[in-house]
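In: sequence first, predicted model second:
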Amino acid sequence: MRKEFKASINRAVNNPNLTGALGKFSQAYKVNRAKAYEGIDFEGLRGRIAEAKSSAASHLDEVAETFRKNAEALGATVFRTRDPQEVKKYILKVARENGVRTVVKSKSMATEEIHLNPYLQHNGISVAETDLGEWIIQLAGQTPSHMVMPAIHLTKEEVADIFSKEVNERLSTDIPRLVKVARNELRPKFLAADMGISGGNIAVAETGSIVLVTNEGNARLVTTLPRIHVAVIGVEKLVEKFETVPAILEALPRSATAQLLTSYVSIISGPTPNDDGSPKQLHIILMDNKRTEMAEDPKFKQALQCIRCGSCLNVCPIFRLVGGHVFGAVYTGGIGTILTAWFDELQKSEEIQGLCIQCGNCKEVCPGKLDIPEMIMEIRRRLVVEKGQPLVQKAIYAVVNNRKIFHGMLRAASLAAKPFTSGGFIRHLPLFLSDLTDGRSLPAIAADPFRDRFPKIAQPKGKEKVVFYAGCLIDFAYPETGEALVKVLNKAGIEVVFPQDQTCCGAPALYNGAYEVAAQNAADNIEALLAEEASYVVSACPTCTVALAHDFRETLKTLGRTDLLPGAEALAAKTIDFSTLVKKLVDEGRLSFKEAADLGSVTYHDSCHLKRTLRVSEEPRELLAKAGYRISEMHECDMCCGMGGSYSMKLPEISAPILQAKIGNIKETGAPVVAMDCPGCVLQIRGGIDQEGSKVAVKHSAELLVDRLR
Amino acid sequence: MYDQFSTKATAVGAEVHRFATVKGAVEFLLPFLKAEGMGDEPGRYALWANGPVLAGLEKGSLQAAGLSFEVSRELASQARFGISQVDFALADTGSLVQDQSAIEQRLVSSLPEIHVAIAATGSILDGKIELFKRLNPTNSRYIAFITGPSRTADIERVLTIGVHGPQRLVILFIDELGGDR
């Protein structure tokens, strides 16, 4: 990662205005969004939107042509182009032909994308942004930091300074007063402008209509007062049918700002007369700029289902810390990373794609049903294919792909780290490694890994066998979690089998785009885990479980290793996470809890992969409650802890504040114990709590349940 | 339906009133305009754009009370009040919907500080689904949805009313107008 990129992250996370405003908004957003969607079948709604937009994306050219015909039949002029340069030239041509000297604009990301303003200004045309946030950043000479709230990074003091310069008068920081200044300053510009430029939230092919969704009322003036209206619309905004409009109007304001509907929606179908009776010129520019290429790529076609609400930014644990400027491009956040990779070039996304921690929050709320984490993974994969892995990473993966060397090194690390260990933790590492222990202690590598302890466990011979997949963390850092799991299953009369040839699940490689490495891990594990006759393959690590149950299959498919697919399918079918299996055994009466006891309160942290990929969240809570714990829920219990595998090592400056917020939420409950089902989260949270010197115990559910079962 | 509309519209900052008759609405409107500062000077005008209710009224006495019916962009931008009649209201979001293909309908509802919207109580629909069955974009070139006053939260996420559009939206429902429902 370049120094400048790291520096921009550090500037952002250390900017209290930015993190304060974004953090507050993001927390309130979650609650308000849920309220705005009350009584609405969100899954059904987003299914309809995704289907309609996907259908349009399947034959973009045809849909765009239908739009052109229908809009032109109503008197509009439609210009279609793939080239952003042509968009700019066209607008300049229209301006020149009509003696346009001043332009007012309402918000349009498409024009930001092609840097229209500097182009027009360079050609002697004055351009005023009229959306309040856009006007602020135009005056400040900045770029938007958020798709829907472009100036969210600025304080009222900064806005007062910016406006004071503009009106040559010292203004107070009273927000309503500042808004009034904007109204008074921009009103004459609206009335005088020769041309209005807008974006478009929806373009309807069958009626030739464009739909504009705004709150301030500026788009109504931009499309009404100037004698020429130019709408610049990305072709991803096209839908075939007018009947799709209400669905998008239902979702867009709710997802963007948690409003039931914005103050204004305008559906414009062809030009209307000006106030002097002259006919208005309406030019609609359908801009492609790589969107067709995107639509033709099976992995990225879904990106055209985006309705540009920005909800992926609003729920992102990273975005709420760093804001938009770190992304260095017009589009920001998760969707911004994807659009930048396409509209600019893949290489441009090399650093920003690394910001995604793969927590899956955005996928849950996306009204267009985009799988943003999956697309970012695909960008990673393509970057690795194109550029190869960094040398250090390559060396590491070479090791990870050789189980014996890998495990040998982990054992060696246990000895090597001895000088730094204290009480089972590594609190400080020297030199460049110190970032790893900044804000979080690391677990000492266990002197005896689980794989060495396992043969010594005396198990009753059972009729039923279950294979245990430990994963690296349980094997080498938390063998006691593995021992607890064995004990629990033994109580149900199940004999646990531990194939010694199992190795890393490949997630670290996969999440860094090294698919070949992950595929080799998959192949080795499929062979090792299917060698034993067993009713289940159980894991107490959700990331490993996801690897076994989903990622192996997808990785092998992506690489065309069809020979291994039947094995991957068979393994996936048998794979189960610890809590789901135990809950099942309890339900079947094969496990039961000791007589009721009050063991005090526990707060539960939902791990990203368990909750959002495996859809498990009630099971561990129910088991803990039956064991005798009172669940005391924390604020944002399902927000990522900042671990994200190697993420916390690559971007500790982001991981650490996420962890601090998590620990704050844990402590606020007053519960003496925090439970979770993921050893990665245990590593992160236990490390953070140790470094802080707090007394909260951090436990894997298995450890809390084991002694409470009969 | 009226109650639901009223709740939703009030929640987004609109002011909602209901009258049995046109006469009742006018008797409310004139003193309201007066109390809020209607006058014959820039910044105080009250402009009423054409519509079925206005067509049925005697314009002379309204003019005498201080209202104007000639809508131009100059006058609208200096008006304190804009009055127009909308076609539909939506109960689920508290929105008003109007075919504003005629520019004066847009001018009076977007430039003045206070927009007074007249609607038939019987034109309140459940929501967008019912509405879209009644819309025909080929004939209605500029369909406008208005939900509460103009708003922004672009400075520090603080909700602020009245940016480029009206800072107040006053809705007068009239029962005797019938309606499409």
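Out: Arrived safely.
In: when you work out contacts or count neighbours from here on, use the C-alpha atoms and nothing else.
Out: Will do.
In: outside of stretch A:662-670, which residues touch it?
Out: By C-alpha atoms under 8 Å, 6 or more residues apart in numbering or on different chains, the residues outside stretch A:662-670 that reach it are A:603, A:632-636, A:639-641, A:674, A:685, A:688-689, A:696.
In: now with 10 Å?
Out: For stretch A:662-670, contacts defined as C-alpha atoms under 10 Å, 6 or more residues apart in numbering or on different chains pick out A:601-605, A:631-642, A:656-661, A:672-674, A:685-686, A:688-689, A:692, A:694-696.
In: just the buried residues of the longest helix along chain A, please?
Out: Assignment by DSSP state H gives helix A:16-36 as the longest helix of chain A. Residues of helix A:16-36 classed as buried: A:17-23, A:25-26, A:29-30, A:32-33, A:36 (neighbour count, 16 or more other C-alpha atoms under 10 Å in any protein chain shown).
In: ok, now which ones touch the residue lying farthest from the centre of chain B?
Out: The C-alpha centroid of chain B is most remote from B:Glu156, which lies 29.7 Å away (C-alpha atoms, centre = their mean). B:Glu156 makes contact with A:17-18, A:20-22, A:25, A:149, A:151-157, A:159, A:175, according to C-alpha under 10 Å, 6+ apart.
In: now do the SS call for it.
Out: Here B:Glu156 is recorded as coil under DSSP: H, G, I helix; E, B strand; the rest coil.
In: ok, it to A:Val706 distance?
Out: Distance of B:Glu156 to A:Val706, computed by C-alpha to C-alpha, to the nearest Å: 50 Å.
In: quick one: the helices in chain B?
Out: B:2-11, B:22-35, B:52-55, B:59-65, B:73-77, B:103-110, B:128-134.
In: right, so those: which one is the most enclosed?
Out: helix B:103-110 (a mean of 26; mean count of other C-alpha atoms under 10 Å in any protein chain shown).
In: follow-up on the earlier one: export the buried residues of helix A:16-36 to TSV and tack on pLDDT?
Out: Output for those, formatted as TSV (pLDDT from 0 to 100):
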residue	pLDDT
A:Asn17	82
A:Leu18	82
A:Thr19	85
A:Gly20	85
A:Ala21	83
A:Leu22	86
A:Gly23	87
A:Phe25	87
A:Ser26	88
A:Tyr29	93
A:Lys30	92
A:Asn32	95
A:Arg33	96
A:Ala36	96
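In: what pLDDT does residue 181 get?
Out: You didn't say which chain, so I picked chain A. A:Val181 carries a pLDDT score of 95 in this model.
In: the chain in question should be chain B.
Out: 54.
In: likewise A:Cys366?
Out: Confidence at A:Cys366, expressed as pLDDT, is 98.
In: cross-check the contact I'm expecting between it and A:Ser255.
Out: Yes - using C-alpha atoms under 10 Å, A:Cys366 is in contact with A:Ser255, at 8.0 Å.
In: the two: which is more packed in?
Out: A:Ser255 (27 against 24; other C-alpha atoms under 10 Å in any protein chain shown).
In: A:Arg254: neighbouring residues, count only.
Out: For A:Arg254, using other C-alpha under 10 Å, the count is 23.
In: likewise B:Ser68?
Out: 19.
In: tell me the SS of the most centrally placed residue in chain A?
Out: Nearest to the geometric centre of chain A sits A:Cys362, at 4.4 Å (C-alpha atoms, centre = their mean). Reduced to three states with three-state DSSP, the structure at A:Cys362 is helix.
In: that one and A:Ala7, how far apart?
Out: Where A:Ala7 is concerned, A:Cys362 sits at a distance of 26 Å (C-alpha to C-alpha).
In: show me where the stretch 301-450 of chain A dips below the pLDDT cut-off.
Out: Along the stretch 301-450 of chain A, segments meeting pLDDT under 70 span A:391-392, A:395, A:413-438.
In: again, 50 this time
Out: In the predicted model, the stretch 301-450 of chain A carries pLDDT under 50 at residues A:431-432.
In: can you list the residues of it near chain B?
Out: For the stretch 301-450 of chain A, no residue is in contact with chain B (C-alpha under 10 Å from any C-alpha of the partner chain).
In: what number of residues lie near the one residue in the stretch 301-450 of chain A that gets nearest to chain B?
Out: Here the stretch 301-450 of chain A gets closest to chain B at one residue, A:Asn314, 13.0 Å apart by C-alpha to the nearest C-alpha. For A:Asn314, the neighbour count with other C-alpha under 10 Å is 29.
In: that one contacts A:Thr257, correct?
Out: Yes - shown here, A:Asn314 and A:Thr257 form a contact pair, counting by C-alpha under 10 Å, at 9.2 Å.
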